[in-house]
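K.L.:
Coordinates only, no sequence provided:
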């Protein structure tokens with residue numbers, strides 16, 4: 001596999017029209033880093049095989065090798081639905097940031113109140129904030145639970161607020177997705193004589209180099 005990906009990188013570098021855009025592509029940088037890690041592992045195995053099992057070196061290599069999973073994102077450029085989803089996420093950055101900022105602020109508020117009202121359940125504010133996030137997102141791991149009446153009342157209010165918050169912000173993202181999807185279908189119908197796909201998205205997005 002390492003030899004195949006090495007030959008692929010060499011071929012892409014040889015036929016790449018712009019090296020600047022090539023090295024500024026996140027996926028290309030991921031490929032280069034993972035290849036570098038592969039060769040480092042091979043070199044360590046060849047010269048000092050006993051050091052590969054040292055915890056610090058092994059942890060670093062395994063962490064960098066996780067980046068290989070990002071290669072799967074190259075498949076998305078061949079799937080029109082995935083391209084629509086990515087384009088929707090780009091157009092919904094403000095809505096997503098608003099939801100995240102509001103969620104963090106409210107979680108800190110509820111976490112602080114939970115720590116003040118039920119110190120037996122939450123040892124510190126950070127643990128209370130963790131409980132608030134899990135409660136607002138209705139995950140409920142059960143590792144931190146309120147032990148008093150006031151804590152349970154606060155937990156119910158926190159869960160209700162989280163449901164309302166998600167219910168108000170998620171439809172904005174869904175509306176953007178439906179708008180982009182409908183426009184994509186319309187352009188496919190109008191350009192049925194051309195190659196199937198979403199050409200309007202391709203025209204707006206920067207062309208990927210290699």
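P.N.:
Thanks, I have it. As the structure is a computational prediction, the values presented were derived from the model and not from experiment.
K.L.:
When you work out contacts or count neighbours from here on, use the C-alpha atoms and nothing else.
P.N.:
Will do.
K.L.:
Give me the residue at the spatial middle of this structure.
P.N.:
Closest residue to the average C-alpha location of the chain: residue 70 at 10.3 Å, with Cα atoms, centre = their mean.
K.L.:
Tell me how far the spatially most distant residue from the centre of the chain lies from residue 114.
P.N.:
Most distant residue from the mean C-alpha position of the chain: residue 149, 37.7 Å away (Cα atoms, centre = their mean). According to Cα to Cα, to the nearest Å, residue 149 stands 11 Å off from residue 114.
K.L.:
least trustworthy helix or strand in this protein by mean pLDDT?
P.N.:
Least confident helix or strand, the chain: helix 199-204 with a mean of 48, by mean pLDDT, DSSP states H and E.
K.L.:
Tally up the residues packed near residue 110, please.
P.N.:
Residue 110: 25 surrounding residues under other Cα atoms under 10 Å.
K.L.:
can you check residue 122 too?
P.N.:
Residue 122, neighbours per other Cα under 10 Å, totals 23.
K.L.:
how far away is it from residue 129?
P.N.:
Residue 122 is 9 Å from residue 129, by Cα to Cα.
K.L.:
what does residue 136 give?
P.N.:
For residue 136, the distance to residue 129 - Cα to Cα - is 10 Å.
K.L.:
got it, and residue 88?
P.N.:
Separation of residue 88 from residue 129 (Cα to Cα) stands at 30 Å.
K.L.:
before we move on, what about residue 151?
P.N.:
13 Å.
K.L.:
Which residue ranges of this protein form helices?
P.N.:
Taking DSSP state H to define them, one finds helices in the chain at 2-14, 19-23, 26-47, 55-65, 80-91, 93-117, 125-136, 149-190, 199-204.
K.L.:
and these, which is most packed in?
P.N.:
Ranked by mean neighbour count, these are led by helix 125-136 with a mean of 23 (mean count of other Cα atoms under 10 Å).
K.L.:
name the helices or strands packed onto that helix?
P.N.:
Packed against helix 125-136 by the contact rule (3 or more Cα pairs under 8 Å, 6 or more residues apart in numbering; DSSP states H and E) you find helix 93-117, helix 149-190.
K.L.:
Any idea which of the ones you listed gets closest to residue 80?
P.N.:
Set against residue 80 and scored by Cα to Cα, the helices and strands packed on helix 125-136 come closest in helix 149-190, at 8.8 Å.
K.L.:
Perfect, that will be all.
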